[in-house]
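In: mind folding the following:
(one chain, ligands or ions: 2)
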Amino acid sequence: MLFNGVMEPFTRVEMPLPLGLGEGEVLVSLHLAAICGSDLHTYEGRRKEPVPSVLGHEGVGTVVAIGQGRKDVRIGARVTWSLVDSCGCCPYCTQYALPQKCENMYKYGHSLWTPSSAPDGCYSTHIVLRKGTKIVELPDNVDDGMAVSANCALSTMVNAVSHVKPGTRSVLIQGGGLLGLFCTALLREKEVQQVYITDIDPRRLQLASLAGATAVPAEEAGQYFRTPRLVDAVIEVAGSASLFPQGMNALRFGGSYLLVGLVHPDTRIDITGEQIVRRCINVQGVYNYAPWHLEEAVAFLARSGNSFPWGDTFSKPYALGELNEAFSEARRRTWPRVTIDCTAV
Ligand SMILES: [Zn+2]
Ligand SMILES: [Zn+2]
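Out: Ligands and ions are numbered 1, 2, ... in the order given. Now for the predicted structure:
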(Lines give C-alpha, C1' and ligand atoms only; values in the text may rest on other atoms or scores of the structure.)
(Ligands and ions follow the chains in the order given, each with its own letter.)
Protein backbone atom coordinates (compact mmCIF):
# COMPACT_ATOMS: atom_id res chain seq x y z
CA MET A 1 0.00 0.00 0.00
CA LEU A 2 1.69 3.20 -1.20
CA PHE A 3 1.87 6.40 0.82
CA ASN A 4 1.29 9.25 -1.65
CA GLY A 5 1.61 12.36 0.51
CA VAL A 6 0.27 14.11 3.61
CA MET A 7 -3.35 13.02 4.28
CA GLU A 8 -3.58 11.48 0.80
CA PRO A 9 -5.26 8.06 0.51
CA PHE A 10 -2.96 5.03 0.43
CA THR A 11 -3.19 3.19 -2.87
CA ARG A 12 -2.74 -0.45 -3.66
CA VAL A 13 -0.02 -1.61 -6.05
CA GLU A 14 0.90 -5.14 -7.11
CA MET A 15 4.37 -6.30 -8.02
CA PRO A 16 6.09 -9.68 -8.51
CA LEU A 17 7.71 -11.22 -5.43
CA PRO A 18 11.43 -10.38 -5.37
CA LEU A 19 12.78 -13.93 -5.34
CA GLY A 20 16.23 -13.09 -6.74
CA LEU A 21 17.60 -12.12 -3.34
CA GLY A 22 21.01 -10.54 -2.90
CA GLU A 23 23.68 -11.89 -0.56
CA GLY A 24 22.41 -12.07 3.03
CA GLU A 25 18.93 -10.77 2.17
CA VAL A 26 15.82 -12.39 3.61
CA LEU A 27 12.28 -12.34 2.21
CA VAL A 28 9.61 -12.26 4.92
CA SER A 29 5.90 -12.82 4.43
CA LEU A 30 4.29 -10.31 6.81
CA HIS A 31 1.52 -11.38 9.20
CA LEU A 32 0.83 -8.34 11.32
CA ALA A 33 1.99 -4.71 11.33
CA ALA A 34 1.18 -1.73 13.55
CA ILE A 35 0.78 2.01 13.08
CA CYS A 36 3.50 3.66 15.14
CA GLY A 37 3.35 7.29 16.28
CA SER A 38 6.06 8.16 13.76
CA ASP A 39 3.92 6.77 10.90
CA LEU A 40 1.18 9.14 12.07
CA HIS A 41 3.71 12.01 12.17
CA THR A 42 4.49 11.25 8.51
CA TYR A 43 0.87 10.85 7.47
CA GLU A 44 -0.19 14.06 9.21
CA GLY A 45 2.80 16.01 7.86
CA ARG A 46 4.98 16.58 10.95
CA ARG A 47 7.84 14.70 9.34
CA LYS A 48 8.74 14.46 5.71
CA GLU A 49 9.20 11.27 3.71
CA PRO A 50 9.73 10.78 -0.02
CA VAL A 51 6.64 9.77 -2.00
CA PRO A 52 5.53 7.34 -3.00
CA SER A 53 6.82 5.06 -0.26
CA VAL A 54 5.74 2.03 1.74
CA LEU A 55 5.41 3.11 5.38
CA GLY A 56 5.35 0.85 8.42
CA HIS A 57 8.26 -0.52 10.42
CA GLU A 58 6.61 -2.42 13.28
CA GLY A 59 5.84 -5.96 12.17
CA VAL A 60 6.14 -9.72 12.42
CA GLY A 61 6.20 -12.38 9.72
CA THR A 62 7.55 -15.69 8.46
CA VAL A 63 10.82 -16.20 6.60
CA VAL A 64 10.04 -17.53 3.11
CA ALA A 65 13.37 -17.18 1.25
CA ILE A 66 16.99 -16.58 2.22
CA GLY A 67 19.80 -15.15 0.10
CA GLN A 68 23.25 -16.66 -0.11
CA GLY A 69 25.53 -16.67 2.90
CA ARG A 70 22.95 -15.99 5.60
CA LYS A 71 23.21 -18.51 8.44
CA ASP A 72 21.30 -16.93 11.35
CA VAL A 73 17.75 -17.56 10.09
CA ARG A 74 15.78 -20.51 8.80
CA ILE A 75 12.90 -20.86 6.33
CA GLY A 76 9.56 -21.03 8.17
CA ALA A 77 10.76 -19.16 11.27
CA ARG A 78 8.34 -16.62 12.76
CA VAL A 79 10.43 -13.50 13.25
CA THR A 80 10.79 -9.83 13.98
CA TRP A 81 13.76 -7.65 12.95
CA SER A 82 15.65 -4.46 13.76
CA LEU A 83 14.21 -1.38 12.10
CA VAL A 84 17.69 -0.11 11.20
CA ASP A 85 20.09 -1.99 8.95
CA SER A 86 23.72 -1.28 9.89
CA CYS A 87 27.06 -2.03 8.21
CA GLY A 88 28.95 -3.67 11.08
CA CYS A 89 32.18 -1.91 10.02
CA CYS A 90 32.01 1.80 10.89
CA PRO A 91 33.03 3.24 14.30
CA TYR A 92 29.39 3.50 15.44
CA CYS A 93 28.94 -0.22 14.76
CA THR A 94 32.29 -1.41 16.10
CA GLN A 95 33.43 1.00 18.83
CA TYR A 96 30.63 3.23 20.09
CA ALA A 97 27.87 0.63 20.62
CA LEU A 98 25.48 2.81 18.60
CA PRO A 99 24.76 0.81 15.44
CA GLN A 100 21.49 2.75 15.13
CA LYS A 101 23.71 5.73 14.20
CA CYS A 102 25.71 3.65 11.66
CA GLU A 103 27.38 5.75 8.96
CA ASN A 104 25.77 3.51 6.32
CA MET A 105 22.46 2.87 8.03
CA TYR A 106 19.21 2.14 6.27
CA LYS A 107 15.79 2.46 7.90
CA TYR A 108 12.80 0.40 6.84
CA GLY A 109 9.57 2.10 5.88
CA HIS A 110 11.07 5.47 4.96
CA SER A 111 12.37 5.20 1.38
CA LEU A 112 11.21 6.23 -2.07
CA TRP A 113 9.36 3.39 -3.78
CA THR A 114 9.83 2.66 -7.49
CA PRO A 115 8.41 -0.29 -9.46
CA SER A 116 11.85 -1.94 -9.30
CA SER A 117 12.32 -1.47 -5.50
CA ALA A 118 12.15 -4.39 -3.12
CA PRO A 119 9.29 -3.81 -0.63
CA ASP A 120 10.88 -2.26 2.46
CA GLY A 121 7.92 -1.19 4.61
CA CYS A 122 5.47 -3.23 6.69
CA TYR A 123 2.23 -2.05 5.03
CA SER A 124 2.83 -4.75 2.47
CA THR A 125 2.36 -8.50 2.13
CA HIS A 126 6.14 -9.00 2.00
CA ILE A 127 9.34 -7.22 3.00
CA VAL A 128 12.97 -7.81 1.99
CA LEU A 129 15.37 -7.55 4.94
CA ARG A 130 18.95 -6.56 4.26
CA LYS A 131 22.22 -8.26 5.13
CA GLY A 132 22.98 -6.13 8.21
CA THR A 133 19.54 -6.42 9.81
CA LYS A 134 19.19 -8.32 13.08
CA ILE A 135 16.47 -10.98 12.78
CA VAL A 136 15.08 -12.55 15.96
CA GLU A 137 12.96 -15.70 16.00
CA LEU A 138 9.86 -15.50 18.19
CA PRO A 139 9.27 -18.20 20.82
CA ASP A 140 5.91 -20.04 20.69
CA ASN A 141 4.56 -18.30 23.79
CA VAL A 142 5.00 -14.87 22.18
CA ASP A 143 2.14 -14.47 19.71
CA ASP A 144 2.05 -12.04 16.80
CA GLY A 145 -0.11 -9.57 18.71
CA MET A 146 2.38 -9.38 21.58
CA ALA A 147 5.39 -9.10 19.29
CA VAL A 148 4.11 -6.62 16.70
CA SER A 149 5.59 -3.54 18.39
CA ALA A 150 8.66 -5.29 19.81
CA ASN A 151 10.93 -3.98 17.05
CA CYS A 152 10.18 -0.30 17.68
CA ALA A 153 8.34 0.69 20.86
CA LEU A 154 9.46 -2.13 23.16
CA SER A 155 13.10 -2.27 22.03
CA THR A 156 13.41 1.51 22.34
CA MET A 157 12.18 1.26 25.92
CA VAL A 158 14.54 -1.65 26.66
CA ASN A 159 17.30 0.73 25.54
CA ALA A 160 15.93 3.58 27.66
CA VAL A 161 15.57 1.44 30.78
CA SER A 162 19.16 0.19 30.32
CA HIS A 163 20.20 3.78 31.16
CA VAL A 164 18.32 3.73 34.49
CA LYS A 165 20.96 3.43 37.19
CA PRO A 166 21.11 0.40 39.50
CA GLY A 167 19.45 1.14 42.84
CA THR A 168 16.83 3.45 41.30
CA ARG A 169 13.72 3.34 43.50
CA SER A 170 11.36 5.81 41.83
CA VAL A 171 10.77 6.81 38.22
CA LEU A 172 8.36 9.29 36.68
CA ILE A 173 7.32 8.44 33.12
CA GLN A 174 5.91 11.39 31.17
CA GLY A 175 3.45 9.98 28.62
CA GLY A 176 1.05 7.05 28.90
CA GLY A 177 1.12 5.82 25.30
CA LEU A 178 2.56 2.45 24.32
CA LEU A 179 6.13 3.58 25.14
CA GLY A 180 5.04 4.53 28.66
CA LEU A 181 3.19 1.24 29.16
CA PHE A 182 6.16 -0.83 28.02
CA CYS A 183 8.44 1.31 30.18
CA THR A 184 6.23 0.58 33.20
CA ALA A 185 6.34 -3.16 32.59
CA LEU A 186 10.13 -3.13 32.18
CA LEU A 187 10.69 -1.06 35.33
CA ARG A 188 8.31 -3.26 37.34
CA GLU A 189 10.29 -6.29 36.28
CA LYS A 190 13.46 -4.51 37.47
CA GLU A 191 11.73 -4.07 40.82
CA VAL A 192 11.73 -0.30 40.75
CA GLN A 193 9.42 0.34 43.72
CA GLN A 194 7.57 3.43 42.53
CA VAL A 195 6.66 3.88 38.88
CA TYR A 196 4.53 6.95 38.15
CA ILE A 197 2.96 7.95 34.83
CA THR A 198 1.55 11.34 33.98
CA ASP A 199 -0.73 12.00 31.01
CA ILE A 200 -3.66 14.24 30.18
CA ASP A 201 -5.81 11.39 28.82
CA PRO A 202 -7.84 9.49 31.47
CA ARG A 203 -8.04 6.34 29.29
CA ARG A 204 -4.26 6.23 29.07
CA LEU A 205 -3.98 6.71 32.82
CA GLN A 206 -6.33 3.78 33.33
CA LEU A 207 -4.18 1.55 31.10
CA ALA A 208 -1.08 2.74 32.95
CA SER A 209 -2.65 1.59 36.24
CA LEU A 210 -3.41 -1.81 34.69
CA ALA A 211 0.25 -2.05 33.61
CA GLY A 212 1.33 -1.42 37.21
CA ALA A 213 2.07 2.32 37.40
CA THR A 214 0.71 4.92 39.78
CA ALA A 215 -1.24 7.19 37.43
CA VAL A 216 -1.07 10.92 38.12
CA PRO A 217 -3.15 13.31 35.97
CA ALA A 218 -0.76 15.76 34.30
CA GLU A 219 -2.53 18.77 35.78
CA GLU A 220 -1.88 17.46 39.31
CA ALA A 221 1.76 16.56 38.76
CA GLY A 222 3.13 19.95 39.81
CA GLN A 223 1.60 19.51 43.28
CA TYR A 224 2.22 15.77 43.50
CA PHE A 225 5.96 15.57 42.83
CA ARG A 226 7.38 17.59 45.69
CA THR A 227 9.67 16.68 48.57
CA PRO A 228 9.58 13.90 49.77
CA ARG A 229 8.17 12.53 46.50
CA LEU A 230 11.01 13.69 44.25
CA VAL A 231 12.05 10.89 41.88
CA ASP A 232 15.41 9.32 41.03
CA ALA A 233 14.74 9.44 37.29
CA VAL A 234 12.34 10.98 34.78
CA ILE A 235 11.71 9.28 31.43
CA GLU A 236 10.08 11.46 28.79
CA VAL A 237 8.09 9.58 26.14
CA ALA A 238 5.37 12.14 25.42
CA GLY A 239 7.17 14.12 22.72
CA SER A 240 6.22 17.46 24.24
CA ALA A 241 8.94 19.90 25.28
CA SER A 242 6.45 21.82 27.41
CA LEU A 243 6.60 18.97 29.98
CA PHE A 244 10.30 19.56 30.64
CA PRO A 245 9.96 22.07 33.53
CA GLN A 246 7.53 19.73 35.31
CA GLY A 247 10.00 16.85 34.94
CA MET A 248 12.85 19.01 36.24
CA ASN A 249 10.82 19.99 39.29
CA ALA A 250 10.06 16.34 40.04
CA LEU A 251 13.70 15.19 39.81
CA ARG A 252 15.88 14.93 42.91
CA PHE A 253 19.45 16.25 42.99
CA GLY A 254 21.75 13.80 41.24
CA GLY A 255 18.88 12.27 39.27
CA SER A 256 18.70 11.34 35.58
CA TYR A 257 16.42 12.78 32.90
CA LEU A 258 16.06 10.49 29.87
CA LEU A 259 14.60 12.11 26.75
CA VAL A 260 13.07 9.59 24.34
CA GLY A 261 10.02 11.12 22.70
CA LEU A 262 11.35 14.49 21.51
CA VAL A 263 11.99 13.29 17.96
CA HIS A 264 10.60 16.20 15.98
CA PRO A 265 11.87 19.76 15.45
CA ASP A 266 9.49 21.60 17.78
CA THR A 267 11.28 20.52 20.95
CA ARG A 268 13.33 23.41 22.36
CA ILE A 269 13.77 22.84 26.11
CA ASP A 270 14.37 25.47 28.73
CA ILE A 271 17.35 24.66 30.94
CA THR A 272 20.48 26.52 32.04
CA GLY A 273 23.95 25.06 32.43
CA GLU A 274 23.79 26.20 36.05
CA GLN A 275 20.72 24.00 36.67
CA ILE A 276 22.57 20.94 35.34
CA VAL A 277 25.67 21.74 37.41
CA ARG A 278 24.10 22.78 40.71
CA ARG A 279 21.52 19.99 40.67
CA CYS A 280 24.16 17.41 39.65
CA ILE A 281 21.74 15.92 37.11
CA ASN A 282 22.34 13.82 34.06
CA VAL A 283 20.34 14.59 30.87
CA GLN A 284 20.50 11.74 28.37
CA GLY A 285 19.03 11.30 24.89
CA VAL A 286 17.88 7.82 23.86
CA TYR A 287 17.24 7.15 20.18
CA ASN A 288 16.07 3.84 18.71
CA TYR A 289 18.05 0.83 19.85
CA ALA A 290 20.75 -1.70 19.03
CA PRO A 291 20.24 -5.34 17.96
CA TRP A 292 20.88 -6.63 21.48
CA HIS A 293 17.96 -4.55 22.77
CA LEU A 294 15.66 -6.33 20.28
CA GLU A 295 16.87 -9.71 21.56
CA GLU A 296 16.23 -8.55 25.12
CA ALA A 297 12.77 -7.26 24.12
CA VAL A 298 11.74 -10.66 22.75
CA ALA A 299 13.19 -12.42 25.83
CA PHE A 300 11.22 -10.02 28.05
CA LEU A 301 7.97 -10.89 26.22
CA ALA A 302 8.68 -14.60 26.62
CA ARG A 303 9.27 -14.14 30.40
CA SER A 304 6.56 -11.73 31.35
CA GLY A 305 4.38 -10.85 28.38
CA ASN A 306 1.29 -12.44 29.91
CA SER A 307 1.13 -9.86 32.69
CA PHE A 308 0.68 -6.99 30.22
CA PRO A 309 -2.81 -5.55 29.44
CA TRP A 310 -2.69 -6.54 25.76
CA GLY A 311 -6.42 -6.58 25.18
CA ASP A 312 -6.81 -2.86 25.82
CA THR A 313 -3.65 -1.81 24.04
CA PHE A 314 -3.89 -3.10 20.46
CA SER A 315 -6.89 -2.74 18.16
CA LYS A 316 -8.41 -5.67 16.31
CA PRO A 317 -6.44 -5.98 13.05
CA TYR A 318 -7.63 -4.06 10.00
CA ALA A 319 -7.08 -5.77 6.65
CA LEU A 320 -4.10 -4.39 4.72
CA GLY A 321 -6.55 -3.44 1.98
CA GLU A 322 -8.32 -1.22 4.56
CA LEU A 323 -5.21 0.75 5.47
CA ASN A 324 -7.02 4.06 4.96
CA GLU A 325 -9.64 3.05 7.54
CA ALA A 326 -6.87 1.86 9.86
CA PHE A 327 -5.17 5.28 9.69
CA SER A 328 -8.48 7.02 10.35
CA GLU A 329 -8.85 4.87 13.45
CA ALA A 330 -5.26 5.56 14.53
CA ARG A 331 -5.85 9.31 14.14
CA ARG A 332 -8.72 9.10 16.65
CA ARG A 333 -6.09 7.88 19.15
CA THR A 334 -8.49 5.48 20.81
CA TRP A 335 -5.86 2.73 20.88
CA PRO A 336 -2.18 2.93 21.78
CA ARG A 337 -1.70 0.90 18.58
CA VAL A 338 -3.89 0.08 15.60
CA THR A 339 -2.81 -3.16 13.92
CA ILE A 340 -2.90 -4.36 10.30
CA ASP A 341 -3.44 -7.92 9.07
CA CYS A 342 -0.96 -8.04 6.17
CA THR A 343 -2.36 -11.33 4.89
CA ALA A 344 -5.81 -9.81 4.23
CA VAL A 345 -5.65 -7.82 1.03
ZN1 LIG B 1 8.05 3.18 15.43
ZN1 LIG C 1 28.05 0.95 10.59
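In: list the contacts of the residue in the stretch 101-250 of the chain that ligand 1 sits nearest to.
Out: Closest approach between the stretch 101-250 of the chain and ligand 1, counting by Cβ to the ion: C152, at 3.2 Å. For glycine as for every other residue, the C-beta is placed from the backbone atoms N, C-alpha and C. Residues counted as contacts of C152 (Cβ atoms under 8 Å, 6 or more residues apart in numbering) are 36, 38, 57-58, 83.
In: the protein - how does it break down into domains?
Out: In the domain annotation for the chain, the residue ranges read 26-153+289-341, 164-285 (automatic domain parsing).
In: ends of the first one, what's the gap?
Out: In other words, domain 26-153+289-341. Between the opening and closing residues of domain 26-153+289-341 there is a gap of 21 Å (Cα to Cα, to the nearest Å).
In: same check on the last one?
Out: Chord length of domain 164-285, first to last residue, is 12 Å (Cα to Cα).
In: establish whether that domain and ligand 1 are in contact.
Out: No. For a cut-off given as Cβ under 5 Å from the ion, domain 164-285 has no contacts with ligand 1; the smallest distance is 9.4 Å.
In: would you map the helices across this structure?
Out: Counting by DSSP state H, the chain has these helices, from start to end: 37-44, 91-94, 144-147, 155-162, 178-189, 202-211, 221-224, 244-250, 273-278, 291-304, 323-332.
In: now distance to H31 and mean neighbour count too, for those helices, in TSV please.
Out: As requested, these are arranged in TSV below (distance: least, Cβ to Cβ, whole Å; neighbours: other Cβ atoms under 10 Å):
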stretch	distance to H31	mean neighbour count
helix 37-44	18	20
helix 91-94	30	16
helix 144-147	5	22
helix 155-162	19	25
helix 178-189	19	25
helix 202-211	25	19
helix 221-224	39	14
helix 244-250	38	19
helix 273-278	46	10
helix 291-304	15	19
helix 323-332	15	17
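In: what bridges to E137?
Out: Beta bridges link E137 to V79 when assigned by DSSP bridges.
In: from ligand 2, how far out is it?
Out: E137 sits 24 Å away from ligand 2, taking Cβ to the ion, to the nearest Å as the criterion.
In: same question for G67.
Out: Taken as Cβ to the ion, the spacing of G67 relative to ligand 2 amounts to 20 Å.
In: how about that residue, what does it touch?
Out: Residues touching G67, when contacts are defined by Cβ under 8 Å, 6+ apart, comprise 21-26, 131.
In: now list the buried members of the residues you listed.
Out: The neighbour-count criterion (16 or more other Cβ atoms under 10 Å) marks 21, 24-26, 131 among these as buried.
In: which one of these is nearest to ligand 2?
Out: K131 (12.0 Å).
In: and that closest one, what's its pLDDT?
Out: The predicted local confidence for K131 comes out at a pLDDT of 97.
In: any idea what sits nearest it, other than its immediate chain neighbours?
Out: In space, and not counting its chain neighbours, K131 is closest to G24: 3.0 Å by Cβ to Cβ, 6 or more residues apart in numbering.
In: can you check L187 too?
Out: The spatial neighbour of L187 that comes closest, neighbours along the chain excluded (Cβ to Cβ, 6+ apart), is V195 at 4.9 Å.
In: hang on, isn't the one you found packed against T184?
Out: Yes. Taking contact to mean Cβ atoms under 8 Å, the distance of 5.3 Å between V195 and T184 places them in contact.
In: shared neighbours of those two, anything?
Out: Between them, V195 and T184 have 173, 212-213 as joint contacts when contacts are counted by Cβ under 8 Å, 6+ apart.
In: check those for burial and list the buried ones.
Out: Once neighbours are counted (16+ other Cβ under 10 Å), the buried part of the shared contacts of V195 and T184 comes down to 173, 212-213.
In: now stretch 316-324: buried residues?
Out: Buried positions in stretch 316-324, judged by neighbour count with 16+ other Cβ under 10 Å: 317-318, 320, 322-323.
In: now what about it, what contacts it?
Out: Contact partners of stretch 316-324, identified using Cβ under 8 Å, 6+ apart, comprise 1, 9-10, 12, 32-33, 123-125, 325-326, 329, 338-345.
In: can you say which of these are buried?
Out: Burial by neighbour count, 16+ other Cβ under 10 Å: within those this picks out 1, 10, 32-33, 123-125, 326, 329, 338-342.
In: contacting ligand 1 as well, which ones from those?
Out: Judged by Cβ under 5 Å from the ion, the overlap between the buried ones among the contacts of stretch 316-324 and the neighbourhood of ligand 1 is nil.
In: return the member of these nearest to ligand 1.
Out: Nearest to ligand 1 among the buried ones among the contacts of stretch 316-324 is A33, at 10.8 Å by Cβ to the ion.
In: residues of the chain that sit close to ligand 2?
Out: Taking Cβ under 5 Å from the ion as the criterion, the contact residues of the chain with ligand 2 come out as 86-87, 90, 93, 102.
In: which one (most neighbours) among those?
Out: If you count neighbours using other Cβ atoms under 10 Å, the busiest of the residues of the chain next to ligand 2 is S86, which has 24 neighbours.
In: pLDDT at it, what is it?
Out: The predicted local confidence for S86 comes out at a pLDDT of 97.
In: cool, and the one 5 residues further on?
Out: The confidence metric pLDDT takes the value 98 at P91.
In: likewise the one 5 residues further on?
Out: Reading off the confidence values, Y96 has pLDDT 97.
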